[in-house]
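1. attaching a predicted model along with its sequence, questions to come.
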Amino acid sequence: MSLLSQKSPVSVARATETFTTAGNIFLASLKLASYLSS
């Protein structure tokens with residue numbers, strides 16, 4: 001947690017936003033894959 005607190009709030013927010021976007025893309029691709037395979 002110390003490594004995270006050393007970063008600026010802007011970079012932390014940007015990393016969180018990037019992680020959330022990547023997660024949404026991953027979930028969307030899973031839904032698409034399950035839809036195509038059914």
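-> Received, thanks. Residues are numbered from 1 along each chain as shown.

2. all contacts plus neighbour counts: C-alpha atoms, from now on.
-> Noted.

3. pull the number of nearby residues for residue 12.
-> Taking other Cα atoms under 10 Å as the neighbour definition, residue 12 ends up with a count of 14.

4. now residue 37
-> As a burial measure, the neighbour count of residue 37 was computed by other Cα under 10 Å and equals 7.

5. please tell me how far it sits from residue 24.
-> Between residue 37 and residue 24 the computed distance is 20 Å (Cα to Cα, to the nearest Å).

6. so, low pLDDT: which residues of this protein?
-> Per-residue confidence of the chain (counting by pLDDT under 70) places the weak regions at 1-6.

7. select the longest helix from it.
-> With secondary structure taken from DSSP state H, the chain has its longest helix at helix 9-37.

8. packing partners for that one?
-> Here helix 9-37 touches no other helix or strand, going by 3 or more Cα pairs under 8 Å, 6 or more residues apart in numbering; DSSP states H and E.

9. and that helix, how far out from the chain's middle?
-> Remark: helix 9-37 is offset 4 Å from the chain centroid, using Cα atoms, centre = their mean, to the nearest Å.

10. can I get stretch 12-27 as CSV, trimmed to CA atoms?
-> Extracted in CSV, the C-alpha atoms of stretch 12-27 (Å, rounded to 0.1, in the frame of the first residue of the first chain):
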residue,chain,number,x,y,z
VAL,A,12,-3.6,6.6,-9.3
ALA,A,13,-7.0,7.8,-10.7
ARG,A,14,-5.7,7.3,-14.2
ALA,A,15,-4.5,3.8,-13.4
THR,A,16,-7.8,3.0,-11.8
GLU,A,17,-9.7,4.3,-14.9
THR,A,18,-7.4,2.3,-17.2
PHE,A,19,-8.0,-0.9,-15.1
THR,A,20,-11.7,-0.3,-15.1
THR,A,21,-11.8,0.2,-18.9
ALA,A,22,-9.7,-2.9,-19.4
GLY,A,23,-12.1,-4.9,-17.2
ASN,A,24,-15.1,-3.6,-19.1
ILE,A,25,-13.5,-4.6,-22.4
PHE,A,26,-12.6,-8.0,-21.0
LEU,A,27,-16.2,-8.6,-19.8
